[in-house]
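K.L.:
Predicted model and sequence below, questions to follow.
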Amino acid sequence: MTATGPRTAPDVVEVVDVVALGESMVTFLPSRPGPLADVPSFERAIGGAESNTACVLAAAGHPARWISAVGQDGFGDHLVRAVGEYGVDVSYVRRDPHRPTGVYFRTAGDRATDAHEVAYYRAGSAASAMTPHTVDLAAARAARVLHLSGITAALSAGCLDLMRELTARRPGRPLVSFDVNHRPGLWRDSAAHGPEVLLELARGADIVFVGEDEAREAWGLRDAAAVREALPEPEILVVKQGGRGATAYGPGGDGTGAAYTGAAVFVPSLDVDVVAAVGAGDAFAAGFLSATLRALPVRDRLRHGHLAAAAALTTSGDLAAPPARDLADRLAALDDPAWGRLRLGPGWTETDTAGAHPDAGHADRAEEEGHTP
């Protein structure tokens, strides 16, 4: 389906670096801190785990496609236009004349705090009606990487069927990336048991992203090693450990994509002046996948993930432009002590970095350029 209706003739589907499939919604950001009941006005933006990742990857220079469904309404128009403005191919987004585009409102606080509120209006949305029969599966598979998340599986039985179809291990499929994104509230009205479904889908993926906290909540697993023990199937498993950092298991450390060797690589998080802790996980996935597409070593993939997440953490919306590749490569190449000294604040991605250099002798210069007063 195109942005305006069904395709009327067979097309040769262009193979892109990344296809991201899932629901995106119009999000309303508060004009000031406080509970939703006290916020007088909101600013319109867009938000969706998979489309966020596609937008960051496109901004980083990767050909990307977003596949979804939106209503034949003004919010759907805005979503398709806004995602497309990042350079993402939106020609396979289906427009549904009978179902609305989802929207949600959120507060300005950190999602991890009790003060954070989110009000979703997505029940019966166009995206929740996706099935293997309404999505162009050839377009979804025409990529080096197909990126999915557990959110889609929770939207409806049809969406779960679609996720099972796309994570089934078949010859010739693209590399399948799966962000667990455990959202207990989305599974309350589902006949399926969320944690079991998410584990099943993760076992069908090649790259899996999961937070240590959500693995503990969903599966009762105590740490990263326990998650790997429960999930030996993915070639690469990334366990995000909050402010401490992230651990990646397999492949070999040379970045060639060799079979899982059991090696674990840990990279600590950066010191970041957080503006809003929203969208960082999606950005982390984008940074890691970008480095994966470039066949960088696993350590550098994790560092690029942290840098992309830092860009999201230092802006107020769900989406933030990633650092320029030259800047990200220079910072990712710093030695461990210099990496540990980096501190990034709002505006750091726009800093002039002509003098930055990855060796330890220039670590202080890189730190100074990375931090905006």
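P.N.:
Looks like it came in fine. The model shown is predicted, which means the values in this text are computed figures rather than measured ones. Residues are numbered from 1 along each chain as shown.

K.L.:
can you map out the strands along the stretch 201-350 of the chain?
P.N.:
For the stretch 201-350 of the chain, strands defined by DSSP state E, counting those that start in this stretch occupy the ranges 207-211, 236-240, 245-249, 264-268, 271-272, 343-344.

K.L.:
for the chain, which spans come out with low pLDDT?
P.N.:
Within the chain, the ranges that satisfy pLDDT under 70 run 1-11, 109-115, 251-262, 317-318, 351-373.

K.L.:
circling back: want to try a markdown table for the strands of the stretch 201-350 of the chain, with mean neighbour count and distance to Ser68 as columns?
P.N.:
Yep, even glycine has a C-beta here, placed from its N, CA and C like the rest. Listed next are the strands of the stretch 201-350 of the chain as a markdown table, based on neighbours: other C-beta atoms under 10 Å; distance: least, C-beta to C-beta, whole Å:
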| stretch | mean neighbour count | distance to Ser68 |
| --- | --- | --- |
| strand 207-211 | 25 | 20 |
| strand 236-240 | 25 | 24 |
| strand 245-249 | 22 | 27 |
| strand 264-268 | 17 | 32 |
| strand 271-272 | 20 | 30 |
| strand 343-344 | 20 | 31 |
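
K.L.:
Redo those as CSV? Include distance to Ala320.
P.N.:
Conversion of the strands of the stretch 201-350 of the chain to CSV gives the following (distance: least, C-beta to C-beta, whole Å):
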stretch, distance to Ala320
strand 207-211, 18
strand 236-240, 18
strand 245-249, 19
strand 264-268, 20
strand 271-272, 12
strand 343-344, 12
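
K.L.:
Ser156 is nearest to which of those?
P.N.:
Nearest to Ser156, of all these, is strand 207-211, at 22.6 Å by C-beta to C-beta.

K.L.:
can you state the direction angle for the longest helix seen in the chain and strand 236-240?
P.N.:
Across the chain, the longest stretch assigned as helix under DSSP state H is helix 298-313. For helix 298-313 against strand 236-240, the angle by axes from the mean of the first three to the mean of the last three C-alpha atoms, to 10 degrees is 40 degrees.

K.L.:
Helix 298-313 packs against which elements?
P.N.:
Contacts defined by 3 or more C-beta pairs under 8 Å, 6 or more residues apart in numbering; DSSP states H and E place helix 298-313 against strand 236-240, strand 245-249, strand 264-268, helix 280-293, helix 325-332.

K.L.:
In TSV, list the ones you listed along with distance to Ala45.
P.N.:
Below are these laid out as TSV (distance: least, C-beta to C-beta, whole Å):
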stretch	distance to Ala45
strand 236-240	24
strand 245-249	26
strand 264-268	30
helix 280-293	14
helix 325-332	24
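
K.L.:
which one of those lies closest to Thr314?
P.N.:
Of all these, it is helix 280-293 that lies closest to Thr314, at 9.8 Å by C-beta to C-beta.

K.L.:
in that closest one, what counts as buried?
P.N.:
Using 16 or more other C-beta atoms under 10 Å as the test for burial, helix 280-293 gives 280-293.

K.L.:
nearest to Cys55, of the helices and strands packed on helix 298-313?
P.N.:
helix 280-293 (8.1 Å).

K.L.:
just how off-centre is the longest helix of the chain within its chain?
P.N.:
12 Å (C-alpha atoms, centre = their mean, to the nearest Å).

K.L.:
Same question for stretch 271-291.
P.N.:
Distance, centroid of stretch 271-291 to centroid of chain: 8 Å (C-alpha atoms, centre = their mean).

K.L.:
got it, and stretch 49-66?
P.N.:
Per C-alpha atoms, centre = their mean, the centroid offset for stretch 49-66 relative to its chain is 9 Å.

K.L.:
Of all residues in the protein, which one is nearest the centre?
P.N.:
Residue closest to the average C-alpha location in the chain (C-alpha atoms, centre = their mean): Asp282, at 2.4 Å.

K.L.:
is it true that that residue touches Asn52?
P.N.:
Yes - contact criterion C-beta atoms under 8 Å: Asp282 and Asn52 qualify, at 3.8 Å.

K.L.:
Leaving out sequence neighbours, find the closest residue to Leu293.
P.N.:
Distances taken as C-beta to C-beta, 6 or more residues apart in numbering put Asp17 closest to Leu293, at 5.5 Å, once the chain neighbours are dropped.

K.L.:
State whether the one you found is indeed within a strand.
P.N.:
Yes - counting by DSSP: H, G, I helix; E, B strand; the rest coil, Asp17 falls inside a strand.

K.L.:
contacting residues around it?
P.N.:
57, 62-64, 143-145, 293 (C-beta atoms under 8 Å, 6 or more residues apart in numbering).

K.L.:
what's the spacing between it and Gly281?
P.N.:
Asp17 sits 20 Å away from Gly281, going by C-beta to C-beta, to the nearest Å.

K.L.:
And for Ala108?
P.N.:
Taking C-beta to C-beta, one finds Ala108 at 18 Å from Gly281.

K.L.:
before we move on, what about Tyr249?
P.N.:
18 Å.

K.L.:
now do Arg169
P.N.:
25 Å.

K.L.:
residues contacting the closest residue to Pro323 other than its chain neighbours?
P.N.:
The shortest distance from Pro323 to any non-neighbouring residue, by C-beta to C-beta, 6+ apart, is to Thr349 (4.5 Å). Thr349 makes contact with 311, 314, 320-324, 327 under the criterion C-beta under 8 Å, 6+ apart.

K.L.:
Tell me the one of the residues you listed nearest Phe28?
P.N.:
Ala320 (17.9 Å).

K.L.:
Could you tell me how many residues sit around that closest one?
P.N.:
Residues lying near Ala320 (other C-beta atoms under 10 Å) number 25.

K.L.:
quick one, phi psi at it?
P.N.:
Main-chain dihedrals, Ala320, degrees, to the nearest 10: phi -140, psi 140.

K.L.:
Good, we can wrap up now.
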